[in-house]
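Visitor: Coordinates only, no sequence provided:
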């Protein structure tokens, strides 16, 4: 069965709090997970205590709290658990997975009319074939 590393929402209305869990892909969001890997609080908190040499922007910078058992996350990724899209972004920030590309479309100027044309990124696979005689 497919395993997912995903966020399970807890907390009150308008104040979300998430557990980072490993669960079967087809189970409900609030069902009992196989393992709880950590927590994620998406509401920005007050700034950390600052040093004297911090810039004014660094003094006002707020943070979002992420607590994660990195060893267990590596284990579950190693046995084939697939992170959900929000978890992929969080794990990419930590450095456990390669962040997904944003997939932005490149615009090119047309030859004669000066209109913009969307260029589609095409991924090609090279397959070698042998001729049977």
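Guide: All right, it came through fine. A quick note: this is a predicted structure, and the numbers were derived from the prediction, not measured.
Visitor: Tell me which stretches of the chain form strands.
Guide: Counting by DSSP state E, residue ranges of the strands within the chain are 3-12, 15-24, 35-41, 65-68, 82-83, 106-109, 116-119.
Visitor: Out of these, flag the one nearest residue 95.
Guide: strand 65-68 (11.4 Å; C-beta to C-beta). C-beta coordinates here come from the backbone N, C-alpha and C atoms, glycine included.
Visitor: Leaving out chain neighbours, which residue sits closest to residue 90?
Guide: residue 66 (6.4 Å; C-beta to C-beta, 6 or more residues apart in numbering).
Visitor: which residues touch residue 9?
Guide: Residues in contact with residue 9, defined by C-beta atoms under 8 Å, 6 or more residues apart in numbering, are 16, 17, 18, 29, 30.
Visitor: What's the local residue count around the residue nearest to residue 90?
Guide: Close neighbours of residue 66, defined as other C-beta atoms under 10 Å, add up to 15.
Visitor: Might one say that it is in contact with residue 38?
Guide: Yes - applying C-beta atoms under 8 Å, one finds residue 66 in contact with residue 38, separated by 7.1 Å.
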